[in-house]
Every structure is written in C-alpha cells, then in structure tokens.
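# Predicted structure and sequence below. I'll ask about it afterward.
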Amino acid sequence: MNARFMLAQTYWKQTDPQDTKTFLIVVGVILFLIVAYNVIKKLASGSPLLSNIRATQGFSKGAFRRRAVDTGFSDAEAEFLEHYARKIGVSGPQSVFGSRTQLNNFIKNTFKYIERHADTEEGAEEQKGRLFSIREALQLRLSSGSPARSTRQLKTRTPLSLVTTREAHYSSILALNEQRAMYVEPALDAFGVPIKFPRGSKLTVFFYAGNHIGYSFQTRSGGLINIDDRRLLVLSHSDNIKPMPSRRHQRREARLSCRFYLVHVHAVRDRGKVVKTIQVEKAAVPGIITDVSAGGMSMQTMSPVNAGDFIKLEFDVGGGNLFAYASVVRVSKLRNGTSMHIKFVKITRKTANEILAYVYSYD
C-alpha cells in the first residue's frame, strides 16, 4: 500500500505542469465539439433551441386553447394546434393569433415540423390532412367576413338580381335604401319600358357583398313610384337574409403543364350486382392548368372532351408527378382554345396535401 502511494507521489511530482494544461485543453475542445455538433444537428432538423424552456416557462395550454376557440376554432382544432405549438416552441397565444400573418406562419411551421418529424409517411399525410382541413375551414371564415343579416344594411349602388315565381331573371341596382323600404331601378323590357310587378307579388333577390359571398332574400313588390323625377320599384325589407353556398376549397392561379387521358367507365351486371370497370385511353392530351385547388382545377387545352366525361390527370405542382381521376363539369370556348373546369372524383391524401401545400405556398 505504502509502496504504491510512494510510486504515485513520485510520478505526480515528476509530471510536467504543461502536460496537465495540454490535457485539460484537449478535453475542453472535445466537449466544445460535442456541444457544437448537437446544436448544429438541432438547427438542421428545424427544432428550436429553446423549445423546452419556452414550453415550460412561457406557455399556458389553457390560455392557448381559449384563444384558439375565441378565434373561431373548435375544441378539437384548438387541441390539435396546441399540441404542435408546444412541439415547435411557441412562446404564447399572442405570437400565433395576433394577426393573420402570424397565424399563417404558425400553420406553415407546423406543416414543416410534421414533414420532418413524423414517424411514418402515412402518419405524416394523416397529420397534414388534419392541418389542411383546419386551414381550409379558417379560409372560409376569413373570406366570409361579417354576414349581412338585414336588407337595411345594403349600400346604395349594390347590383341586384330579381327572380320572379316563374323563374324570370332581371338585373337591377339599389338606388335608395330607407328605413321603410328599398327603392331599386326597375327592370326593363325589350323596348326599354319598366316592367310592372304587381303589388304584393313575391320576388327572390340575389346579391353579392364586398367579400364575394352571395346572399338571397325573399321580398314583395310595392309597385312603381316616382322619386325626384326617377321611376323606381319599391321592395319590402327583409331580416331573413340567407348566405349562398360558398366555395369549399381555396384556389391558386397557376400556369402548369399537364396531360390527361380520356377514361371510359363500363358497367356490367354480374350475379345480380353492377360491377364498374374503367378503361384509360393510351393517348395523352396536353393542357395548361390555370388554377387549382384540393377540389379540382381549370385547364386550357386545344383538344377538349365533353362535359360529363371522366379523365385521368397527370401533373406536377413542384414535388413530383401526381395523378388524379376527375370529371369534366363544364367546357367554355376561348379565343385561343378551350377551358375545361374539372372536379376531382378520386384523389389520394398525399396528392391532396401536395396541392394544398402549393395553394398556400407551404411548398
């Protein structure tokens, strides 16, 4: 025991202090490199360095969810958003719901987080699908604005469409809007003579508000009267304005090359059941996508098919080749070619997510 102690003591005394200093420097450099590597790895993965600190010190789950619900999200949507707010290190609800730009940036960051950290591709597409469902619902709320509830809210010069009980359509403009009635420019016949709607006759009126949302209401004619040397039609007020169905999916204008194939659907009865099979033609037809959404697209082509036909589409919005099956809703003639309006009838979740990432510029 004493011999070993004396040997160690002798060695320690003989050790050069410069060697000890060098040893400590080497250890320090190694520790620094380990820390630097972990920091760089975390930054490359898109994870915030202070996420855990922020989540524990400045983030309130209850406050975030209450603010989300107050903004218009459902309880389930608020829970989903709160989960990823903690994941990406959000400091508090104000940094998300303070403005439309902040909210959109948060959803975009959540999308990128899901892409990088999902355990499986299937799980990533499912989570992105939920996120985009929330984003689409948000866009509908933002575009709808404050709903019109009474015709007394209508501004003068608002274009109106008058429809009789016999489905005759006439265009008009709101000239005066007073508390007791509305006064609109009368519809004219082919000779420019005001059309006389009988007093008390029912009319359905359609109009669009400044937020591009359509509305309709029922009214009754009060006949024609003269106001300040103007011949005007009197309409009764209504406090029962109904919004018209609005577009479900946000669209983005585009200029993307695509091609499509005509699809034939065959129905065959087999043992009392109708079995449908499809046959895709081999000849590809080129086209240009002019706008696109998760529900469909518009395209220009020199070789259109008929409205009601089915087609298979191949296109690329920036992430690789995609395909979908669709029906042609309507066909419109253009000066140089034809425009086809298309509705998707079969589309994978991955393809829909790719389209929505393009629509909202998350790609």
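Happy to help now that I have it. Residues are numbered from 1 along each chain as shown.

# Could you spell out the sheet neighbours of the host helix or strand of residue 205, each with its direction?
If you go by DSSP states H and E, residue 205 is part of strand 202-208. Neighbouring strands of strand 202-208 in its sheet, by DSSP bridges, are strand 159-164 (antiparallel), strand 214-227 (antiparallel).

# So for residue 179, which of these sits nearest?
In terms of CB to CB, the element of the strands paired with strand 202-208 nearest to residue 179 is strand 214-227, at 14.1 Å. All C-beta spots, glycine's among them, are computed from the backbone N, C-alpha and C.

# Report the next helix or strand after that closest one in sequence order.
strand 230-235.

# I'd like the mean pLDDT over the next helix or strand after that following strand, please.
Beyond strand 230-235 on the C-terminal side, the first helix or strand identified by DSSP H and E is strand 242-243. The average pLDDT for strand 242-243 rounds to 80.

# in this protein, which helix or strand is least confident?
Between all helices and strands in the chain, the lowest mean by mean pLDDT, DSSP states H and E belongs to helix 51-57, at a mean of 46.

# about what we covered before: now the strands paired with strand 202-208 in CSV, please, with extra columns for distance to residue 355.
As requested, the strands paired with strand 202-208 are exported to CSV (distance: least, CB to CB, whole Å):
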stretch, distance to residue 355
strand 159-164, 33
strand 214-227, 25
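
# Figure out which of the ones you listed is closest to residue 204.
Comparing the strands paired with strand 202-208 by CB to CB, strand 159-164 comes nearest, at 4.4 Å.

# quick one, the closest one and strand 230-235 angle?
60 degrees (axes from the mean of the first three to the mean of the last three CA atoms, to 10 degrees).

# Going by neighbour count, list what's buried in the next helix-or-strand element following strand 159-164.
Sequence-wise, the next helix or strand downstream of strand 159-164 (DSSP H and E) is strand 169-177. Residues 170, 172, 174, 175, 177 are the ones in strand 169-177 that count as buried (16 or more other CB atoms under 10 Å).

# Same question for stretch 295-304.
295, 296, 297, 298, 299, 300, 301, 304.

# ok, now stretch 283-299?
285, 287-299.

# residues making contact with the top strand by length along the chain?
For the chain, the strand with the greatest residue count under DSSP state E is strand 252-270. Applying CB atoms under 8 Å, 6 or more residues apart in numbering, the contact partners of strand 252-270 are 274-293, 299, 301, 305, 309-317, 325, 358-359.

# Confirm that residue 69 sits in a helix.
Yes: looking at residue 69 with DSSP: H, G, I helix; E, B strand; the rest coil, it is inside a helix.
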